[in-house]
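A.B. asks: sequence and predicted structure below; questions after.
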Amino acid sequence: MKTRIFAVVGTKKSGKTTALEALTKELTKRDYEVAAVKHISEEGFSFDTEGKDTWRFTRAGAKTIIAVSSNEVVTVEKTGAENISLREILRRCKNRDVILLEGFKELVARNRRIYKIVTVKSADEAYKAMNSFEPILVFVGPFSTEKLKLETPYVDALKNPKRLADLLENVLSKAG
């Protein structure tokens, strides 16, 4: 199966994480291997915890820090987001059936190979998204776009994660 990429995009507090979480749960139930990638726009954010060994390695000057435990391997690379391309992010998700990106609006907006799942809080956000993103697979989020009579379907990710996963699975089945 060819890996397919979907991006969950929308404004702050519009339900992106909720939609990605619901999709991940439903797709993994269906035996898909999922990679989830989150864009964190918070200035100065770091996974390193002050005082921990990995933080100490960073302070000592290490640019790549790898922490290995009994159930996970974490790699921290000290580089800015401007130094990593979408291609490199996707390369790190190799051997997965589905890659779910959260955010990265500017990187994915017009990339036709990446289907967009757009979270919206208002009709205005839905209309703006129609002009900003392509292709849009589905609208999700706290505002139902059903009354707008758009060609793009709306799914409540919390109430109907199966239907949302069905839409993605339909794309996956066409990927071959």
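C.D. replies: Noted; the coordinates are in hand.
A.B. asks: list phi and psi for Ile99.
C.D. replies: Dihedral angles of Ile99 (phi, psi; degrees, to the nearest 10) stand at phi -110, psi 120.
A.B. asks: could I get the buried residue list for the helix or strand that contains Glu88?
C.D. replies: Assigned by DSSP states H and E, Glu88 belongs to helix 86-91. Residues 86, 89-90 are the ones in helix 86-91 that count as buried (16 or more other C-beta atoms under 10 Å). For glycine as for every other residue, the C-beta is placed from the backbone atoms N, C-alpha and C.
A.B. asks: where does the residue nearest the centre of the chain land in three-state SS?
C.D. replies: The chain has Leu101 as the residue nearest its centroid, 2.0 Å off, counting by C-alpha atoms, centre = their mean. Here Leu101 is recorded as strand under DSSP: H, G, I helix; E, B strand; the rest coil.
A.B. asks: correct me, but it touches Arg4?
C.D. replies: No. Between Leu101 and Arg4 there is no contact under C-beta atoms under 8 Å: 11.5 Å.
A.B. asks: in contact with the nearest residue to Ala62 once chain neighbours are set aside, which residues are there?
C.D. replies: Take Ala62 and drop its neighbours on the chain: the residue closest to it by C-beta to C-beta, 6 or more residues apart in numbering is Lys78, 7.3 Å away. Going by C-beta atoms under 8 Å, 6 or more residues apart in numbering, Lys78 touches 58, 62-65.
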